[in-house]
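Participant: Make a model of this:
(chains A and B)
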Protein chains: 2
Amino acid sequence: MKVIPLILMGCGGVGLQLIDHIITCRELHAIKGVMLRFIGVCDSRSLVLVNDLSKGELREDALEEIRRVKSSGSYLSTLNYDGCHVIEYPAVDKKLIEVGGLLASSTGLVYIDCSASADTIIILKSVIEIGCFAVLANKKPLTSDIDIYDKLVSCPRHIRYESTVGAGLPVITSLNRLLTSGDPVHRIIGSVSGTLGYVMSELEDGKPFSEVVRAAKQLGFTEPDPRDDLSGMDVARKALILFRLLGGRTNIGNIKVESLYSDLMGPEKMSTQDFLDNGLEMLDDELKKKVNVASSTGNVLRYVCVIEGSSCQVGLLEVPQNSPLGRLKGSDNLIEIYSRCYRELPLVIQGAGAGNDTTAAGVLADIVDLQDLFH
Amino acid sequence: MKVIPLILMGCGGVGLQLIDHIITCRELHAIKGVMLRFIGVCDSRSLVLVNDLSKGELREDALEEIRRVKSSGSYLSTLNYDGCHVIEYPAVDKKLIEVGGLLASSTGLVYIDCSASADTIIILKSVIEIGCFAVLANKKPLTSDIDIYDKLVSCPRHIRYESTVGAGLPVITSLNRLLTSGDPVHRIIGSVSGTLGYVMSELEDGKPFSEVVRAAKQLGFTEPDPRDDLSGMDVARKALILFRLLGGRTNIGNIKVESLYSDLMGPEKMSTQDFLDNGLEMLDDELKKKVNVASSTGNVLRYVCVIEGSSCQVGLLEVPQNSPLGRLKGSDNLIEIYSRCYRELPLVIQGAGAGNDTTAAGVLADIVDLQDLFH
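Facilitator: Sure thing, here's the model as predicted:
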């Protein structure tokens, strides 16, 4: 039996769903000869850590208790579970790195980053340097400065991050397979925001932009402030991760990102409510015009990332109605990959690219895929 | 540097392309800390093996020579290369197994099956049992009797076979990721024959079946005898591989396969030429009718494998025009995977599913993916 010790950072929706998946899969993994041993879980305030690092584990009842506590909106520090202790910030980072040092040389240890914070970077950098492993759903570490990125991926087999792009969709895995087989990827075009995918596909049907965005917000497809989606920054972060995977060396600030609203409607100039009530309508005409221009030549408008050679851009693009991206409907993600093997017609990966369930499933697949590195 | 010793079985188009890819990728792999060390290559008659199994290798010049000899239609036995010797059948099998025994306990050894023969089964079974690894593009071993299959996959991490379904498309990889994350796959529908994909998509445009098949043969899309494609047996083998991956326990003989020609036109009743000249036309009307029936309800006809629960079938299926499979054109493969995470809208993988280049690339990605098992 391969035993893989884990520390989970981040107890939001994805983190809790991951705990759930791991409990559900315990038997399945046992049959496959793998056992995932949770030794610690932390939220933004504290770390719950087992007392016996070499053999202890947060068992099912403890994990269930963590799920209960966090789902109810409480903090981990309120948790009282036999066989473990609680460490509060600011002592958490130091403790997390210390544990990595202890386990790296013996059993190995996987740090799972399901947070949405840049605070994990310092921990990840340190523990990867001493030989630990990392699985990320968090885009921040991989989209920070290139020097940090280089350190994080210095042992490429030690870090996995499938769920940072397209949730559980096998995008990074597939790109890695192409790259490793010497099939040079020369172009990626992707609709990697479910929200913007939905918006663009609704616009195509002639609805006004303002109406579509409000409906998307009603459906829970957008962030609380829809400008967080409409700015394109989430797509830019995913684009940067793919671009760097292909060898691109740039920082997020250098990516050309087309925002769907003007600077005059930014969060510092307008409240969310004001944007929803008045700002959105001001964008209707221009987008309608763009949609019509596209359709007059048999194209449709998509909000995509385009990675090609040394260029990485994010914004609106006209694509042929009769291409995989052009035919895309609803909130599915779709990525077209062009390489030597997929030259004229791309390798296409399509499916739900958001949601805690599929994101956590992608993280779990990444963890299990590390098994050959454990003994 | 991880050194991965390899023996290649099968020097047809895929095998030779693999040699080419490996030579091309040598530097790339070195940067990633991997070195692929060819210690033997065999065709259907003989095995070329290095003298020094622990350190020797067939270097670039030897591999180039092998490519030259095999491309010219000669046999490996004519090869004369310093530092290696040639073993002739029937001594080859025993030698291959003996080498596995020697290297399994020290460095490990990967057997690559790029043949199209069932003769490799006995070798693969033996060497896997003693701890070696296998990468297959050959469908025969995985579609033989279930008892043999069980032995081949007894160490699931030791055997990879992405290129047996959809060539280099990441189908098996993606399914493995879903399964390992506890996302139960309850349905797969796939167009996994480029030939039949092309035929069905042309039929949709109103062309007669006979004309389409003849054109496909002209384009080199079919086997020399197109009935080898039209029988559906190639699709059935791929279906069985996917079905078994999901836990299905059956043999090829139990899969319901719909052939596109009747028994009366089988190879034992009609020559290939007779089938092409006279047989094909007799099938035109029935297929035209089926295509029309489908289109009258907004559907299109596809030749697919359908795996659902304990059922695995291969044949014609009406699918909605407006589904990923319905929109498929040309010879691309397309696989729709339905699971808990991809319930209403499937995970879709689409792209070229045939060709030596992409098949060999898939094999190479599989080999490199074994690296964590080497030390």
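Participant: would you list every one of the strands in chain A?
Facilitator: Secondary structure of chain A, counting by DSSP state E: strands at A:2-9, A:34-42, A:46-50, A:84-88, A:110-113, A:133-136, A:159-160, A:185-191, A:256-257, A:299-308, A:311-320, A:333-339, A:347-351.
Participant: Which residues of the stretch 101-250 of chain A lie near chain B?
Facilitator: The stretch 101-250 of chain A comes close to chain B at residues A:156-157, A:162, A:168-170, A:173-174, A:177-178, A:180-183, as judged by CB under 8 Å from any CB of the partner chain. (C-beta placed from N, C-alpha, C; glycine too.)
Participant: need the strands of chain A in JSON lines with mean pLDDT and mean neighbour count, can you?
Facilitator: Putting those into JSON lines (pLDDT from 0 to 100; neighbours: other CB atoms under 10 Å in any protein chain shown) gives the following:
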{"stretch": "strand A:2-9", "mean pLDDT": "97", "mean neighbour count": "23"}
{"stretch": "strand A:34-42", "mean pLDDT": "97", "mean neighbour count": "23"}
{"stretch": "strand A:46-50", "mean pLDDT": "96", "mean neighbour count": "23"}
{"stretch": "strand A:84-88", "mean pLDDT": "94", "mean neighbour count": "16"}
{"stretch": "strand A:110-113", "mean pLDDT": "98", "mean neighbour count": "26"}
{"stretch": "strand A:133-136", "mean pLDDT": "98", "mean neighbour count": "27"}
{"stretch": "strand A:159-160", "mean pLDDT": "98", "mean neighbour count": "22"}
{"stretch": "strand A:185-191", "mean pLDDT": "98", "mean neighbour count": "23"}
{"stretch": "strand A:256-257", "mean pLDDT": "98", "mean neighbour count": "15"}
{"stretch": "strand A:299-308", "mean pLDDT": "97", "mean neighbour count": "22"}
{"stretch": "strand A:311-320", "mean pLDDT": "97", "mean neighbour count": "19"}
{"stretch": "strand A:333-339", "mean pLDDT": "98", "mean neighbour count": "24"}
{"stretch": "strand A:347-351", "mean pLDDT": "98", "mean neighbour count": "26"}
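Participant: Spit out the contact partners of A:Val135.
Facilitator: A:Val110, A:Tyr111, A:Ile112, A:Asp113, A:Ile159, A:Arg160, A:Tyr161, A:Val363, A:Asp366, A:Ile367, A:Leu370 (CB atoms under 8 Å, 6 or more residues apart in numbering or on different chains).
Participant: wait, A:Val363 sits on A:Leu16?
Facilitator: No. Using CB atoms under 8 Å, A:Val363 is not in contact with A:Leu16; the gap is 11.9 Å.
Participant: Can you tell me how far A:Gly351 is from chain B?
Facilitator: Separation of A:Gly351 from chain B (CB to the nearest CB, to the nearest Å): 4 Å.
Participant: ditto for A:Met35
Facilitator: 14 Å.
Participant: give me every residue that touches the residue nearest to that residue when sequence neighbours are not counted.
Facilitator: Using CB to CB, 6 or more residues apart in numbering or on different chains and skipping the chain neighbours, the partner closest in space to A:Met35 is A:Val3 (4.9 Å). A:Val3 is in contact with A:Met35, A:Arg37, A:Thr107, A:Phe374, counting by CB under 8 Å, 6+ apart.
Participant: Could you check how many residues crowd around the last one?
Facilitator: If I follow you right, that is A:Phe374. Residues contacting A:Phe374 under the criterion other CB atoms under 10 Å in any protein chain shown number 17.
Participant: Pull up the gap between the spatially most central residue of chain A and chain B, please.
Facilitator: Nearest to the geometric centre of chain A sits A:Thr164, at 2.4 Å (CA atoms, centre = their mean). In this view, A:Thr164 and chain B are 15 Å apart by CB to the nearest CB.
Participant: Tell me the predicted confidence for the residue nearest to that residue when sequence neighbours are not counted.
Facilitator: Once flanking residues are discounted, A:Thr164 sits nearest to A:Lys139: 4.8 Å by CB to CB, 6+ apart. Looking at A:Lys139, its pLDDT is 97.
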